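Engineer: here is the input, now give the coordinates:
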Amino acid sequence: MSRALGRGGGTTLPGHVADRIDPGLIAGLARALPNGCVLVTGTNGKTTTTRIMAGAARAAGLEVITNPEGSNRLGVLEVPDSAIGIFEVDEGALPGAIETLSPRLVVITNLFRDQLDRYFEVDFIAHLWQRALSALGPSATVVLNADDPQVAYLGEGIAARVMYFGLEDRQWARAVLEHAADSRRCPHCSHDLVYEMSFYAHLGHYACKECGWRRPDPRFAAWKVQLQGIEGSESQTSTPAGDRTLRLPLPGLYNACNALAAAAASSCLGVDPDLVQVAAQGTVCAFGRFERISVEGKNAVLLLVKNPTGFNESLRLVLAADGLRYLLLGLNSNSPDGRDVSWIWDVEFEACAGRVEYLAVSGQRANDLALRLKYAGVADSRGGPDASALSSPEAEDIVRAFFAAIEQMPERETLYVLASYTALWTLRRELVQRGYLAPFFQQVEGATR
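Structural biologist: Now for the predicted structure:
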């Protein structure tokens, strides 16, 4: 009904209805799974990590129940005669999901500041996770990112078995933390951490000189990470089963980390590492995760941005190659986006100065974006947004802004759209209606059959 009415993919509402009818349904279905449940959470990377894990489990002959659309609130999925459940879980929903599903494996990718009006600061979420993980018994396994101090510390003092993954490739390291770093203090004694190197945000190699707590040594490590622009990445990984090459068609260092997380977690399930490679190489991009489309003979790429770290990494990826860029930025402040948009002041828009041929802002908070770009020195550079046009209704309409940009763009160029959730959803829905894209649930269903 949801799909027929054009209100969405029907990936969440049926679960709410079923839960109202039978509040104990989810726990009962979970208990019926022969191989139990796996939960994947984190601020960024949940969807990609879940998809790779689900693909690897299928390649290993397991029948997988999952939520590949990225619907990650607590709900109900149809349960066939399947072997294992692999679910992406919203950060705030993890405690309830652990209590209800009693997972055999929990994977945590990272913890960044995201939607302050909903999640508050990262310490609040870390505390929720710590309490939830403490309820797991010794038969459960927790897979944690060793490069994220808040996440790595979650492995201290819990009964569950703990496995770590992390980057060891110094070629992508920076000497200092970037401004958007959220976890600068030791989670054990609250003194400043000293970083030997950082990769992005607060992820890196760190230690506390006061209490001696340091980054755990990962059992699963990526050594030689070759980033191949928008085509993806290739990593040499060390695992308990030996070294492997991990190729992924999704771009960016952060996606290489997601693939490593999936490899570590899949190994804990007993899946052959070679099957993880097969799954990683066949991974289809999720909603707004570098979706490529052709519109009127011109190219566009859709990127979902929802916090400073994700925005910074997307900009870094878009601006990596030589040449000037065509950019469309969209920012809304609806409930799914987060009402508080102050986080845009921690995005490194300064990197765009002198690098854009065309730049437009759109969405409910287009004026906020324009002001931030002005202070970043971008509004006064080539291609900066015209402040006089921002008060018009057209500035809020991302669909109009998109097709205006496409019309002005030369054929061989690419328009990069970096937008918050509801802004991107509005644009994508219009592109589906005009036949440029398939509905997201059709893309996912086709990829997972």
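
Engineer: and for Val399, the neighbour number?
Structural biologist: For Val399, the neighbour count with other Cβ atoms under 10 Å is 18. C-beta: built from backbone N, CA, C; applies to glycine.

Engineer: dump the residue contacts of Cys285.
Structural biologist: The neighbours of Cys285, taking Cβ atoms under 8 Å, 6 or more residues apart in numbering as the test, are 250, 291-292.

Engineer: again, 6 Å this time
Structural biologist: Residues near Cys285 by Cβ atoms under 6 Å, 6 or more residues apart in numbering: Glu291.

Engineer: how close does it sit to Leu250?
Structural biologist: Look at Cys285 and Leu250: by Cβ to Cβ, to the nearest Å, they are 6 Å apart.

Engineer: so where is the chain shaky, pLDDT-wise?
Structural biologist: For the chain, the stretches flagged by pLDDT under 70 are 7-9, 11, 68-82, 114-120, 179-180, 379-395, 440-449.

Engineer: please repeat the previous calculation with a cut-off of 80.
Structural biologist: Residue ranges of the chain with pLDDT under 80: 2-13, 15, 67-83, 113-121, 175-183, 284-289, 379-396, 439-449.

Engineer: care to break it down by domain?
Structural biologist: With domains defined by automatic domain parsing, the chain comprises 14-281, 289-448.

Engineer: off-centre distance for the longest one?
Structural biologist: The reference is to domain 14-281. The chain centre lies 11 Å from the centre of domain 14-281; the measure is Cα atoms, centre = their mean, to the nearest Å.

Engineer: then stretch 296-313?
Structural biologist: For stretch 296-313, the distance to the chain centre is 12 Å (Cα atoms, centre = their mean).

Engineer: residue boundaries of the helices in the stretch 101-250 of the chain?
Structural biologist: Secondary structure of the stretch 101-250 of the chain by DSSP state H, counting those that start in this stretch: the helices cover 116-119, 122-133, 149-152.

Engineer: mind listing residues that contact the longest one?
Structural biologist: The reference is to helix 122-133. Under Cβ under 6 Å, 6+ apart, the answer for helix 122-133 is 91, 94-95, 98, 111, 113, 119, 142, 150, 154, 158, 182.

Engineer: that older thread, nearest to Ala405, of the helices of the stretch 101-250 of the chain?
Structural biologist: The closest of the helices of the stretch 101-250 of the chain to Ala405 is helix 116-119. By Cβ to Cβ, the value is 30.2 Å.

Engineer: nearest to Ala4 among the domains of the chain would be which one?
Structural biologist: Closest to Ala4 of the domains of the chain, according to Cβ to Cβ: domain 289-448, at 11.9 Å.

Engineer: about what we covered before: keep only those of the contacts of helix 122-133 that are in strands.
Structural biologist: Val142 (DSSP state E).

Engineer: coming back round to it: out of the helices of the stretch 101-250 of the chain, nearest to Leu369?
Structural biologist: Of all the helices of the stretch 101-250 of the chain, helix 116-119 comes closest under Cβ to Cβ, at 17.7 Å.

Engineer: where's the nearest residue to Gln281 once chain neighbours are set aside relative to Asn110, distance?
Structural biologist: Spatial nearest neighbour of Gln281, excluding adjacent residues (Cβ to Cβ, 6 or more residues apart in numbering): Arg247 at 5.1 Å. Going from Arg247 to Asn110 by Cβ to Cβ gives 22 Å.

Engineer: now do Cys189
Structural biologist: 22 Å.

Engineer: that older thread, could the domains of the chain go into JSON lines alongside distance to Arg3?
Structural biologist: Below are the domains of the chain laid out as JSON lines (distance: least, Cβ to Cβ, whole Å):
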{"stretch": "domain 14-281", "distance to Arg3": "11"}
{"stretch": "domain 289-448", "distance to Arg3": "7"}
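
Engineer: out of those domains, nearest to Gly6?
Structural biologist: domain 289-448 (8.2 Å).
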